[in-house]
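Peer 1: Model the structure of this input:
(one chain, ligands or ions: 1)
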Amino acid sequence: MKGVIFNVLEDAVTQEHGAPAWDSLVQSSGASGTYSSLGSYPDSELMGLVMAASGALGAEPGEVLRWFGQRAIPLLAERYGDFFALHASARSFVTSVNGIIHPEVHKLYAGAACPHFHFHDLDDGRLGVGYRSPRQLCRLAQGFIEGSAVHYGEVAEVEHLGCMADGDPVCRLAVRWTA
Ligand code: HEM
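Peer 2: Here you go, the predicted structure:
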């Protein structure tokens, strides 16, 4: 996982819980704690930090990932404002992830392995989102989607219709946005 993700996690934890909380997560998980945005670090190190936060907060690891995704969006908006400025709604922003955002991320960060999403309209008007990645970070994706809604002054209702964690080949989310 690219160092920039660790940088954003550190900023999110420090903003909400203070610098000592980040130090304590680093210590208890055995992570290195020092990340260059361009560097690559083991996925297990990110999950170690998530598990340490889960233990400290008494929250499910998936909830920690979702929280991180939500809090990451304002921090990403500071770093990559252009990706947000191109869009007037959260749906437009989120569905640009395959065509614009992650391809640009690949150019900026050599070796990034960003997931590809499958978007399709569901019969009930919601947006179907298919996600498959060996990292199984669907709850992080959910948090990104919810955080994006907040950025555009909207609310996103995200339902998990299927999950790799339950043995499904792909995670399936259904999203409804309201103004
Ligand atoms: C400004 C917007 C965004 C930026 C700059 C960004 C950047 C990144 C970067 C740098 C990674 C790490 C890749 C790696 O280390 O291999 C990543 C991973 C990821 N991104 Fe994005 N991203 C953005 C928006 C989004 C959105 C809107 C979604 C969801 C719809 C999303 C979903 C994910 C997920 C789930 C991962 C984890 C990797 C995996 O699942 O395998 N990202 N992104």
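
Peer 1: Stretch 69-84 and the ligand in contact?
Peer 2: Yes - for a cut-off given as CB under 6 Å from any ligand atom, stretch 69-84 has contacts with the ligand, namely 76, 80, 83. Just so you know, the C-beta spots here come from the backbone N, C-alpha and C atoms, and that holds for glycine as well.

Peer 1: what about the residue of the chain most remote from its centre, which SS state?
Peer 2: When each C-alpha in the chain is compared with the mean C-alpha position (CA atoms, centre = their mean), Asp123 comes out farthest, at 26.6 Å. Here Asp123 is coil, with the state taken from DSSP: H, G, I helix; E, B strand; the rest coil.

Peer 1: For it, give me the pLDDT.
Peer 2: pLDDT, Asp123: 97.

Peer 1: hmm, back to that, the residues of stretch 69-84 next to the ligand in helices, which ones?
Peer 2: Secondary structure of these is defined by DSSP state H; positions in helices are 76, 83.

Peer 1: Between the residues of stretch 69-84 next to the ligand, identify the one with the most neighbours.
Peer 2: Using other CB atoms under 10 Å as the neighbour criterion, Leu76 leads the residues of stretch 69-84 next to the ligand with 21 neighbours.

Peer 1: residues in contact with that residue?
Peer 2: Applying CB atoms under 8 Å, 6 or more residues apart in numbering to Leu76 gives the contacts 8, 83.

Peer 1: any idea how far it lies from Ser148?
Peer 2: Leu76 sits 9 Å away from Ser148, going by CB to CB, to the nearest Å.

Peer 1: Could you tell me how many residues sit around Phe68?
Peer 2: Around Phe68 there are 24 residues (other CB under 10 Å).

Peer 1: for Gly153, same thing?
Peer 2: Gly153: 9 surrounding residues under other CB under 10 Å.

Peer 1: quick one: pLDDT of it?
Peer 2: The predicted local distance difference test score for Gly153 is 98.

Peer 1: Excluding covalently adjacent residues, which one is nearest to it?
Peer 2: The shortest distance from Gly153 to any residue that is not its chain neighbour, by CB to CB, 6 or more residues apart in numbering, is 7.2 Å, and that residue is Ala179.

Peer 1: again, but for Trp22
Peer 2: Val13 (4.6 Å).

Peer 1: how about the helix or strand encompassing that neighbour: buried residues?
Peer 2: Following DSSP states H and E, one finds Val13 within helix 3-17. If you call a residue buried by 16 or more other CB atoms under 10 Å, then helix 3-17 has these buried ones: 3-6, 8-13.

Peer 1: Could you do stretch 155-174 as well?
Peer 2: 156, 158, 160, 163-164, 171-174.

Peer 1: And stretch 117-125, by the same measure?
Peer 2: When burial is assessed from 16+ other CB under 10 Å, stretch 117-125 yields the following buried residues: Phe117.
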